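Q: need a 3D model of the following:
(one chain, ligands or ions: 2)
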Amino acid sequence: MTPRPHSAEPAPDDAAAESPHGGSLLPPGARVFVAGHRGLVGSAVARRLAAEGYEVLTCDRTALDLRDADRTRRRLGELRPDAVVLAAAKVGGIMANKTQPVPFLEDNLRIQLSVVAGAHAAGVPRLLFLGSSCIYPKHAPQPITEEALLTGALEPTNEPYALAKIAGLTQIRAYREQYGASYISAMPTNLYGPGDNFDLETSHVLPALVRRFHEARRDRAPRVVLWGSGTPRREFLHVDDLARACLLLLRRYDEATPVNVGCGEDLTIAALAETVRDVVGFDGDIGWDTSRPDGTPRKLLDVSRLSKLGFRPQIPLREGIRATYEWWLTSS
Ligand SMILES: NC(=O)C1=CN([C@@H]2O[C@H](COP(=O)(O)OP(=O)(O)OC[C@H]3O[C@@H](n4cnc5c(N)ncnc54)[C@H](OP(=O)(O)O)[C@@H]3O)[C@@H](O)[C@H]2O)C=CC1
Ligand SMILES: C[C@H]1O[C@H](OP(=O)(O)OP(=O)(O)OC[C@H]2O[C@@H](n3cnc4c(=O)[nH]c(N)nc43)[C@H](O)[C@@H]2O)[C@@H](O)[C@@H](O)C1=O
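A: Ligands and ions are numbered 1, 2, ... in the order given. Have a look, this model is predicted:
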């Protein structure tokens, strides 16, 4: 993998777009409701918003289940935020998707229907919906452009989740067309960072590898067995880079087309495993359990649309993995 030069400093466009309160679509000091504020994405977006002087509004899941449309609508009517970031969802890795198709479909549909309709009923002028790169066809030409949507069969292991996400971006488009709502969608690639899920059965691959290699080193195990063949390719973006992209989109983007969010480079799961093994310091062997699914062979996003808005990723993968490992060690 030839590392793409990550801008050490934000590019001029980035600086203009990302300078605090730059842009007119998210006014200075705006009050932003972050749905899913305790999650990987929601917590990163909340951190970034606060750092740039916005007021972050949240509601714990114990106080408000966002699948409850009536209570969600009432709460948003009480809060009347200037914007909503919809980062609440039923989320998980390939095995969670494969073994829990019902909540991956139903919970995500319910949350999306509640929050988007509730925001509109409350007169919220701005909303950003987080979809996922899994919305694209299993064998879409790479890198995948936003135009590839619905041009082919989906990856079976996460079809319920993907269809829920496609319904979400369709809902956003419908509110734009029927009501002129300034609501937008982002389609992030695989994400990682502080606040990730490290449960070995339900997590995504990167945190799972960090934990597996850490525990193998701790236990002096001779070998770590990973899932699948190791040949699929994945793109990984640190969640703090995603949060910067979310603010850029909230400030500068107002079109129906979803915007891909990624770093523009991918690697095999085997190469990722070598990197994580090295960062964690495990010196044993790596094996592969091909009874576990590989999933989509590749899903590298075309990020031209986002790049034109001035976004540049800033956290290189190896550095991001090391920082995530250190975060997990201090938080677990
Ligand atoms: N992680 C990734 O690699 C990627 C994620 N995305 C998208 O980003 C968004 C956030 O994902 P991520 O942060 O990783 O997921 P997490 O699981 O880390 O966070 C999801 C959040 O949603 C909350 N939530 C779930 N169900 C409900 C509910 N019924 N009512 C209220 N809150 C609820 C959770 O609350 P609690 O913690 O209390 O359970 C949690 O805070 C999702 O839309 C996902 O599809 C897109 C591409 C890649
Ligand atoms: C973000 C994205 O995330 C999911 O799609 P995914 O990227 O396929 O999921 P994943 O991160 O779990 O796996 C990536 C690859 O990694 C291999 N792999 C090896 N060893 C482990 C392992 O120990 N755990 C996991 N989870 N995977 C492993 C695994 O076999 C597969 O080949 C969906 O939610 C999808 O809907 C979505 O949006």
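Q: residues in contact with Y253?
A: Applying CB atoms under 8 Å, 6 or more residues apart in numbering to Y253 gives the contacts 25, 184, 259, 309. For every residue, glycine as well, the C-beta is placed using N, CA and C.
Q: from those, which is closest to A50?
A: L25 (18.9 Å; CB to CB).
Q: so the closest one: helix, strand or coil?
A: coil (DSSP: H, G, I helix; E, B strand; the rest coil).
Q: so G287 is in which element?
A: Applying DSSP states H and E as the criterion places G287 in strand 285-289.
Q: that strand pairs with which strands, parallel or anti?
A: Sheet pairing of strand 285-289 (DSSP bridges) gives strand 223-227 (parallel).
Q: so after the biggest strand by length in the chain, what's the next helix or strand?
A: Longest strand in the chain, counting residues (DSSP state E): strand 182-188. The helix or strand immediately downstream of strand 182-188 is strand 190-192, counting by DSSP H and E.
Q: remind me what that following strand packs against, helices and strands.
A: helix 40-51, helix 205-218, strand 236-238, helix 239-252, helix 317-331 (3 or more CB pairs under 8 Å, 6 or more residues apart in numbering; DSSP states H and E).
Q: can you name every helix or strand that the fourth one contacts?
A: For helix 239-252, the elements it packs on are helix 12-18, helix 40-51, strand 83-86, strand 126-130, strand 182-188, strand 190-192, strand 259-261, helix 304-308, judged by 3+ CB pairs under 8 Å, 6+ apart.
Q: want to throw these into TSV with mean neighbour count and distance to ligand 1?
A: Converted to TSV, those look like this (neighbours: other CB atoms under 10 Å; distance: least, CB to the nearest ligand atom, whole Å):
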stretch	mean neighbour count	distance to ligand 1
helix 12-18	16	20
helix 40-51	21	3
strand 83-86	27	7
strand 126-130	24	4
strand 182-188	24	4
strand 190-192	23	4
strand 259-261	26	8
helix 304-308	16	14
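Q: quick check: D240 touching R48?
A: Yes: using CB atoms under 8 Å, D240 is in contact with R48, at 7.2 Å.
Q: picking that back up, okay if I get the helices and strands packed on strand 190-192 as a markdown table plus distance to G295 and mean pLDDT?
A: Below are the helices and strands packed on strand 190-192 laid out as a markdown table (distance: least, CB to CB, whole Å; pLDDT from 0 to 100):
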| stretch | distance to G295 | mean pLDDT |
| --- | --- | --- |
| helix 40-51 | 19 | 98 |
| helix 205-218 | 9 | 98 |
| strand 236-238 | 15 | 98 |
| helix 239-252 | 21 | 98 |
| helix 317-331 | 19 | 98 |
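Q: make JSON lines from those and add distance to P194 to it.
A: Below are the helices and strands packed on strand 190-192 laid out as JSON lines (distance: least, CB to CB, whole Å):
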{"stretch": "helix 40-51", "distance to P194": "8"}
{"stretch": "helix 205-218", "distance to P194": "10"}
{"stretch": "strand 236-238", "distance to P194": "9"}
{"stretch": "helix 239-252", "distance to P194": "7"}
{"stretch": "helix 317-331", "distance to P194": "4"}
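Q: the nearest residue to Y179 once chain neighbours are set aside: neighbouring residues, count only.
A: Spatially, and ignoring its direct neighbours in sequence, Y179 is nearest to H120 (6.5 Å; CB to CB, 6 or more residues apart in numbering). If you count neighbours by other CB atoms under 10 Å, H120 ends up with 19.
Q: for T275, same thing?
A: 18.
Q: what's the neighbour count on the residue lying closest to it once chain neighbours are set aside?
A: Distances taken as CB to CB, 6+ apart place R318 nearest to T275, at 5.9 Å, with adjacent residues excluded. A total of 13 residues lie near R318 under the criterion other CB under 10 Å.
Q: nice, that's everything, thank you.
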